[in-house]
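K.L.:
how would this look folded up:
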Amino acid sequence: MTALEKISLHSRLYTEDWIQDICFNNPNLLPVGELEPTFAGMIPICRELSTESGSIDLVYVNESGFITIGECKLWRNPEARRKVIGQILDYAKDLAKWDYPKFERECLKARKEHGKTLFQIVEEFYPEIDEAVFIDNLQNNLNKGRFLLTIIGDGIRGNMEELANFIHRNGNLNFTLGLIELPIYRNPDNDELIITPRVLAKTKEIERVVYRFSDKLVEEKVEKEENSRTISETVFFERLQNSVGKEVTEKFKNFVGELSSELHIIPQMGRGKKLSVNLKSTNDTCNFASIQEDGEVWFYGIVSKTEEMGNRKIGIDYLKKLAVIVNGEYYDKYKQWFWCVKRSGKYIQLVNYMKRSSDWKLLISQTMDEIRKVEEEE
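P.N.:
Next up, the predicted model:
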């Protein structure tokens with residue numbers, strides 16, 4: 001077995017342009033799904049996109065019209081970290097002023113490709129995409145400043161207070177900012193360079209600064225949200241409300257809040273084309289349900305997980321009792337990982353669960369007690 005050699009940050013074996021080229025041609029290299037699931041499925045659109053504040057290194061778009069921008073920096077210069085944060089935020093502010101035609105025009109100019117529209121570029125990757133929906137989505141994200149900003153470096157180290165300060169001063173945007181580190185190793189047998197990407201940190205929109213103008217004064221007010229959400233979480237709840245209505249969505253938000261505060265259940269965004277929220281136990285042992293953006297309630301692995309603990313019956317009992325609560329059926333027709341609750345062979349809508357939310361919460365609490373007993377016996 002050959003031991004890989006970590007490349008020094010002061011090495012001259014690679015350049016920023018090399019990193020840009022690797023990231024642009026291999027978008028799956030960047031762990032975007034860990035930062036914001038709704039930005040996954042990135043399509044590389046262009047490099048060196050010209051804005052008022054300078055040129056953006058990397059621009060990606062996905063089929064839902066979500067824009068990711070990347071700024072690549074080698075960390076040899078100790079001033080690089082401070083400057084790149086301000087730089088990428090300036091880029092985001094510039095993009096938020098654009099409309100779809102300008103975004104398309106500038107991207108195609110940077111791409112140096114004639115004869116194709118932005119939609120046609122995306123359509124090559126997603127043939128079933130609807131043009132009007134794509135354009136509307138991308139325009140909406142420009143209007144709201146919903147961007148994923150990624151700083152990509154070979155050895156990122158930093159003071160996160162700097163990030164917080166920058167975000168506070170840019171509260172009118174709804175971006176997520178993530179630091180992606182690309183440690184680079186060399187195989188001494190053949191001098192091949194190997195990249196091992198990882199998410200170093202990400203921010204959430206914590207505060208929103210609102211300016212109110214009148215004839216005599218300018219007032220700055222900082223509004224703090226009790227339950228700050230990522231862009232993906234915000235989009236999930238918007239889509240859920242479109243599917244099941246405001247009343248059910250609000251009940252579900254309250255339900256999740258109760259589970260978090262009383263039972264320490266962690267609502268975790270699922271990954272994939274379809275957004276979902278998973279109700280996970282504190283130590284990530286079990287997933288009590290996966291609520292889809294269209295309001296269906298799915299289940300993944302609770303029987304398999306409890307079997308791993310040594311008591312499969314706990315997971316089976318949970319599903320059977322929940323089936324009784326929502327007037328459904330315990331369903332074990334597929335692989336064990338997908339055993340679930342259905343009605344007439346179909347997943348049951350969230351509205352049915354919210355009608356019996358108190359009973360559901362009690363069942364989750366009782367199941368967690370059973371899980372703890374098994375863990376304590378080990």
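K.L.:
correct me, but V341 touches G328?
P.N.:
Yes. Counting by Cβ atoms under 8 Å, V341 does reach G328; the two are 4.7 Å apart. The C-beta positions use only the backbone N, C-alpha and C, and glycine is treated the same way.
K.L.:
more neighbours, the two?
P.N.:
Remark: of V341 and G328, V341 carries more neighbours, 25 against 21, as counted by other Cβ atoms under 10 Å.
K.L.:
any idea which helix or strand carries the more buried one?
P.N.:
V341 is part of strand 340-343 when elements are defined by DSSP states H and E.
K.L.:
show me what the following helix or strand past that strand is in contact with.
P.N.:
Sequence-wise, the next helix or strand downstream of strand 340-343 (DSSP H and E) is strand 346-347. Outside strand 346-347, the residues that touch it by Cβ atoms under 8 Å, 6 or more residues apart in numbering are 292, 296-298, 340-341.
K.L.:
what number of residues lie near the nearest residue in space to I19 that is not next to it in sequence?
P.N.:
Excluding its sequence neighbours, the residue lying closest to I19 (Cβ to Cβ, 6 or more residues apart in numbering) is C72, at 4.7 Å. Residues lying near C72 (other Cβ under 10 Å) number 25.
K.L.:
isn't C72 up against D57?
P.N.:
Yes. Assessed by Cβ under 8 Å, C72 is found in contact with D57 at 5.0 Å.
K.L.:
mutual contacts of the two, please.
P.N.:
Joint contacts of C72 and D57 (Cβ under 8 Å, 6+ apart) are Q20.
K.L.:
mind giving me the packing neighbours of the strand or helix carrying the residue nearest to I19?
P.N.:
Assigned by DSSP H and E, C72 falls within strand 67-73. In terms of contacts (3 or more Cβ pairs under 8 Å, 6 or more residues apart in numbering; DSSP states H and E), strand 67-73 is packed against helix 16-25, strand 54-61, helix 80-95, helix 131-144, strand 147-153.
K.L.:
could you tell me the angle between the longest one and strand 67-73?
P.N.:
If you take axes from the mean of the first three to the mean of the last three Cα atoms, to 10 degrees, helix 80-95 sits at 150 degrees to strand 67-73.
K.L.:
now do the buried residues in the following helix or strand past helix 80-95.
P.N.:
Next helix or strand after helix 80-95 toward the C-terminus (DSSP H and E): helix 100-111. Buried residues in helix 100-111, counting neighbours by 16 or more other Cβ atoms under 10 Å, are found at 100, 103-104, 106-108, 110-111.
K.L.:
what does stretch 128-137 give?
P.N.:
134-135, 137.
K.L.:
and whatever helix or strand V374 lives in, what does it pack against?
P.N.:
Applying DSSP H and E as the criterion places V374 in helix 357-377. The contact analysis (3+ Cβ pairs under 8 Å, 6+ apart) places helix 357-377 against helix 246-263, helix 302-309, helix 312-325.
K.L.:
show me the shaky parts of the stretch 1-150 of the chain.
P.N.:
Across the stretch 1-150 of the chain, the ranges flagged by pLDDT under 70 are 1-2, 4-14, 75-82.
K.L.:
same thing but at 90, please
P.N.:
1-22, 26, 28-36, 72-89, 112-115, 150 (pLDDT under 90).
K.L.:
centre of the chain to stretch 23-33, how far?
P.N.:
In terms of Cα atoms, centre = their mean, to the nearest Å, the centre of stretch 23-33 is set 14 Å apart from its chain centre.
K.L.:
give the buried residues for that stretch.
P.N.:
23-24, 27, 29-30, 32-33.
K.L.:
adding distance to F66, write the contacts of strand 346-347 out as TSV.
P.N.:
Below are the contacts of strand 346-347 laid out as TSV (distance: Cβ to Cβ, whole Å):
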residue	distance to F66
Q292	19
E296	23
V297	25
W298	23
C340	30
V341	32
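K.L.:
for I180, give the beta-bridge partners.
P.N.:
I152, V199 (DSSP bridges).
K.L.:
now do the one 5 residues further on
P.N.:
For Y185, the residues forming beta bridges with it (DSSP bridges) are K6, I194.
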